[in-house]
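> Compute the structure for the input listed below.
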Amino acid sequence: MAAPMEVALVADAAGPLCNCSVWELHSGAALPGYRGGNSGPRGLALLGGEHLLGAQLGKSYINVWELQRKDQLQQKIICPGPVTCLAASPNGLYVLAGVAESIYLWEVSNGNLLAILNRHYQDLTCLCFTDDSSHFLSGAKDCLALVWNLCSVLQAEPSQIPDPRHVWSRHSLPITDLCCGFGGPLARAATASLDQTAKLWEVSSGDLLLSVLFDVGIMAVTLDLAEYYMFCGGMDGSIFQVELCAWPVQRDRSFQPERESGKVFKGHRNQVTCLSVSTDGSLLLSGSHDETVRLWDIQSKQCLRTVNHKGPVTNAFIVLAPANMLNADGKPSVPLPKFSKHLHGTESSDEQGSEGLTLRLGQHQQESEESYLEKAERMYALMHSTREKNLEGNQEHLTIQVSELEEEVSTLRKINKNLFDFSARIITKPAK
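Just a heads-up that it's a prediction; the model follows:
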């Protein structure tokens, strides 16, 4: 079986000819790109392996492509203002967009706008999900990074603004980038800021694990999959490699380029805007305002490939190519609905339920089939009423009915016992 193909997705601010270019990471072979519009910084995201989202630079909408239809936009998601950052949950169920200081949360299955979060005081700059989609992080120009529990956000009343799980306020200048590692709610997250620091946090406790001070403002940050290194892109074009397992352990550390020259990637002539590491941890992809994208060998710090663009690079990241990206005949498993402009539950009656499919877990039995407990309750009620009627007459007919009901109850008890025995065997079965 062939190994999955890694591709680089790159967007720049040049113009609408090609919004997002795609090329194979190891060979450099160019693949068909996505046409129409141009995406803003932190404004490009894959949705469920079937769609590509791009926040139009300086405009109030999000472009949507089906992955296999690269030359045609499927739809535009209209937003109340210019979208400053964008993120899609790894499970493909939710989309986040930053509009001014607000976070908009949509459900993909029906297009409902589930929440509008207003806990930042200035414009959003970056958004990201944990790998299990249970939490998401937001960073803004107000120097705050917030950690949100998705379940708590979804359960909150429409009239209430849920509180974030953590508020990280250790930065003194605007947050420029966020990156979340693996581990779901137990993951570690990195933040970058214009205050010349990059910080590493623990999502579960909210504790600050590491703070690294540089000589320049940091515009981009990422972690390798093993979380052994943190890569930080500076305003001067340098990329710094920070060891997370260095000994002795220090929470506050200064990065000194003259002493750690072997841990600096040099080649960009302007600020680094985006960073991404390959799956095997051997390659680093970087985009810059110098209108180039560079692919680096991490071990040797050598630049393996330089791709020129016609404008500042706004997005660049590495992904395993979804099947639909390489199959021109592929189609999304579920059509993408029209995304709502109004908060769910506040739309006019003619808009509610007009499009999309609402999935409610555990509701499939309510109309189609009676549950075991409901059937047992009904049988008991019938038996009780039958015994009362026995006192009034029609003894023979009622006796037959009681015997039939008792036989059915006995059958249900056997089924229940068999289910219990089967469950007990599964639970007590020793692990191999």
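
> lowest average confidence, helix or strand, in the chain?
Least confident helix or strand, the chain: helix 365-368 with a mean of 41, by mean pLDDT, DSSP states H and E.

> Tell me the bridge partners for Trp106.
Bridge pairing for Trp106 (DSSP bridges) gives the partners Val95, Leu113.

> correct me, but it touches Leu114?
Yes: between Trp106 and Leu114 there is a contact under Cβ atoms under 8 Å: 6.7 Å. For glycine as for every other residue, the C-beta is placed from the backbone atoms N, C-alpha and C.

> Need the residues touching each of these two.
Taking Cβ atoms under 8 Å, 6 or more residues apart in numbering as the contact rule, Trp106 and Leu114 both touch Tyr94.

> higher neighbour count, the two?
Neighbour count, other Cβ atoms under 10 Å: between Trp106 and Leu114, Trp106 has more, with 23 against 19.

> check contacts around the more buried one.
Applying Cβ under 8 Å, 6+ apart to Trp106 gives the contacts 77, 94-97, 112-114, 339-340.

> let's go with 6 Å and repeat that
Going by Cβ atoms under 6 Å, 6 or more residues apart in numbering, Trp106 touches 95, 113, 339.

> List just the nearest of those residues to Cys126.
Val95 (15.1 Å; Cβ to Cβ).

> so how far is Ser152 from the closest one?
Look at Val95 and Ser152: by Cβ to Cβ, to the nearest Å, they are 18 Å apart.

> what about this protein, any weak spots by pLDDT?
The chain contains residues with pLDDT under 70 at 1-3, 15-17, 346-380, 382-397, 431-432.

> what do you get if the cut-off is 50, keeping everything else the same?
The chain contains residues with pLDDT under 50 at 1, 348-368.

> Longest helix of it, counting residues only.
The longest helix of the chain (DSSP state H) is helix 395-428.

> list the helices and strands it packs on?
helix 372-390 (3 or more Cβ pairs under 6 Å, 6 or more residues apart in numbering; DSSP states H and E).

> Nearest residue to the residue most central in space within the chain in space, please, no chain neighbours.
Geometric centre of the chain, nearest residue: Ser89, 2.2 Å, by Cα atoms, centre = their mean. Spatial nearest neighbour of Ser89, excluding adjacent residues (Cβ to Cβ, 6 or more residues apart in numbering): Ser133 at 4.0 Å.

> Ok, Leu52 next?
Nearest residue to Leu52, sequence neighbours excluded (Cβ to Cβ, 6+ apart): Trp65, at 4.6 Å.

> Confirm that that neighbour lies within a strand, as I assumed.
Yes: according to DSSP: H, G, I helix; E, B strand; the rest coil, Trp65 belongs to a strand.

> Could you number the chain from 414 rather than 1 from now on?
Renumbered: residue one is now 414, and that last one reads Trp478.

> List the buried residues in stretch 684-693.
The neighbour-count check on stretch 684-693 (16 or more other Cβ atoms under 10 Å) flags 684-691 as buried.

> Equivalent analysis for stretch 555-564, please.
For stretch 555-564, by 16+ other Cβ under 10 Å, it's 555-563.

> Now, those residues that are in helices?
Per DSSP H, the subset of these in helices is Leu563.

> Could you dump the buried residues of stretch 555-564 into a markdown table and include distance to Gly724?
As requested, those are exported to a markdown table (distance: Cβ to Cβ, whole Å):
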| residue | distance to Gly724 |
| --- | --- |
| Asp555 | 28 |
| Cys556 | 29 |
| Leu557 | 30 |
| Ala558 | 29 |
| Leu559 | 31 |
| Val560 | 33 |
| Trp561 | 33 |
| Asn562 | 38 |
| Leu563 | 35 |
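
> Tell me the one of the buried residues of stretch 555-564 nearest Gly441?
Out of the buried residues of stretch 555-564, the member with the shortest distance to Gly441 (by Cβ to Cβ) is Ala558, at 35.4 Å.

> which of Val508 and Ser565 has more neighbours?
Looking at Val508 and Ser565 with other Cβ under 10 Å, you find the greater number of neighbours at Val508, namely 25 against 13.

> ok so, going back, surely the residue nearest to Leu465 is in contact with Arg448?
No: the criterion here is Cβ atoms under 6 Å, and Trp478 misses it with Arg448 at 8.7 Å.

> Mind checking which of those two has more residues around it?
A side-by-side neighbour count of Trp478 and Arg448, using other Cβ under 10 Å, places Trp478 first with 22 against 16.

> So that one versus Gly441, what's the distance?
From Trp478 to Gly441 the distance is 23 Å (Cβ to Cβ).

> How about the contacts made by Val706?
By Cβ under 6 Å, 6+ apart, the neighbours of Val706 are 423, 700, 720, 726, 729.

> What about those residues, which one has the most neighbours?
Counting by other Cβ under 10 Å, top hit in those: Gly700 with 30 neighbours.

> Tell me who's in contact with that one.
Contact partners of Gly700, counting by Cβ under 6 Å, 6+ apart, are 686-687, 706, 726, 729.

> ok, so of those residues, who is nearest Ala569?
Nearest to Ala569 among the contacts of Gly700 is Cys687, at 32.4 Å by Cβ to Cβ.

> Check which helix or strand that closest one maps to.
Element membership of Cys687 [criterion: DSSP states H and E] is strand 685-690.

> any idea which helix or strand comes after that strand?
Next in sequence after strand 685-690, counting helices and strands by DSSP H and E, comes strand 696-701.

> following that next one, which helix or strand shows up next?
strand 705-710.

> buried residues in that following strand?
Applying a neighbour-count criterion of 16+ other Cβ under 10 Å, the buried positions in strand 705-710 are 705-709.

> Distance to Ile839 for those residues - can I get that in a markdown table?
What follows is the buried residues of strand 705-710, written out as a markdown table (distance: Cβ to Cβ, whole Å):
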| residue | distance to Ile839 |
| --- | --- |
| Thr705 | 57 |
| Val706 | 51 |
| Arg707 | 53 |
| Leu708 | 49 |
| Trp709 | 50 |
